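S.K.: the following comprises the amino acid sequence and a computationally predicted model.
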Amino acid sequence: MRTIGGTTENLGGICFGIGSALFRPDRFFAKIVDMLLAKTRNNGARVGSAMTYVVSTRELLEFAMPLMKAVAADPLAADSLREGGIRS
C-alpha cells in the first residue's frame, strides 16, 4: 500500500479522502469507468447473459488518479464528469 497526495493505493483498490471526510460525487466511480470505456472504445462482450467489460487495473488507476486528484482539490471539477464520457 502507498499513499500519494491523500490518495491511498492498495493493489485491491483505491480510497481517497479530503481531510478526515470521504468525498465522492454521486456515481463518481461509475462515471470514471464509463469515461475509460469510451476512451478505449471498450464495448464489452456477453458472458452468458451478462454484459462484461474487462479493463487493465493499471490503466484504470492511471486514468482515474488525475480525475480523483482534481476532484479532491476542487469538488466542482466533478461537474465535467458524466456517465458515458466527458461532457462537451
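M.R.: Arrived safely, thanks for sending. Not measured: the values here are computed from a predicted model.
S.K.: what's downstream of the lengthiest helix in the chain, the next helix or strand?
M.R.: Longest helix in the chain by number of residues (criterion: DSSP state H): helix 57-73. Following helix 57-73 in sequence order, the next helix or strand is strand 81-82 (DSSP states H and E).
S.K.: can you tell me what sits against that next one?
M.R.: With contact meaning Cβ atoms under 8 Å, 6 or more residues apart in numbering, strand 81-82 is reached by 25, 28, 31-32, 34-35, 67, 71, 87. C-betas here are computed from N, CA, C, even on glycine.
S.K.: now that strand: mean pLDDT?
M.R.: Strand 81-82 comes out with an average pLDDT of 75.
S.K.: show me what the longest helix of the chain is packed against.
M.R.: In this structure, helix 57-73 packs against strand 7-10, strand 13-16, helix 28-39, with contacts taken as 3 or more Cβ pairs under 8 Å, 6 or more residues apart in numbering; DSSP states H and E.
S.K.: what mean pLDDT does that helix get?
M.R.: Averaged across helix 57-73, pLDDT comes to 89.
S.K.: got the buried residues for it?
M.R.: Within helix 57-73, the residues that count as buried by 16 or more other Cβ atoms under 10 Å are 60, 63-65, 67-69, 71-72.
S.K.: orientation of that helix relative to helix 28-39 in degrees?
M.R.: If you take axes from the mean of the first three to the mean of the last three Cα atoms, to 10 degrees, helix 57-73 sits at 130 degrees to helix 28-39.
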